[in-house]
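Q: Kindly generate the corresponding structure for this input.
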Amino acid sequence: MGRPVIPFDKVLFEDLCNIQCTETEIAATMRISVDTLERRVKEEYGVTFAEVYEQKREGGKESLRRAQWKSAIDGKNPALQIFLGKNILNQSDKQSIDMDLSGDGITIILGDKPKSD
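A: Below is the predicted model of the structure:
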């Protein structure tokens, strides 16, 4: 007679994958060894831990993106608005400065507006 089978909580497992816990952290939280975790995932899903983890962690990315988007839209996080603007809308805060040293003075051009000294 062997040891009793430890129940495998699929909901907990998938939640931990969603928040991108490591395999070791998942095993510790579920109070099983990494080897047992790998074996039970194979039994429950028919594929390896790595395959299930890759699929389930995408849900966590989606949730994080949704929360970021909401925070930016609600105006609660200006830094996040800037980050999303740069990464999604290809915005930048770089300024181009051109100087024309020919002629009777110095012309500085910031963007499209020339200014003369």
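Q: where exactly do the helices run in this protein?
A: 10-18, 23-29, 34-45, 49-73, 78-88 (DSSP state H).
Q: Can you tell me, leaving aside adjacent residues, what's nearest to S92?
A: Ranked by Cβ to Cβ, 6 or more residues apart in numbering and with sequence neighbours excluded, the top spatial neighbour of S92 is K86, at 6.2 Å. Heads up, the C-betas are built off the backbone N, CA and C, glycines and all.
Q: Counting neighbours, what do you get for that neighbour?
A: 12 (other Cβ atoms under 10 Å).
Q: That one touches L80, doesn't it?
A: No: taking contacts as Cβ atoms under 8 Å, K86 lies outside contact range of L80: 10.8 Å.
Q: How about the contacts made by the residue nearest to E25 when sequence neighbours are not counted?
A: For E25, ignoring the flanking residues on the chain, the nearest one in space by Cβ to Cβ, 6+ apart is L16 at 7.1 Å. Counting by Cβ atoms under 8 Å, 6 or more residues apart in numbering, L16 touches 25-26, 29-30.
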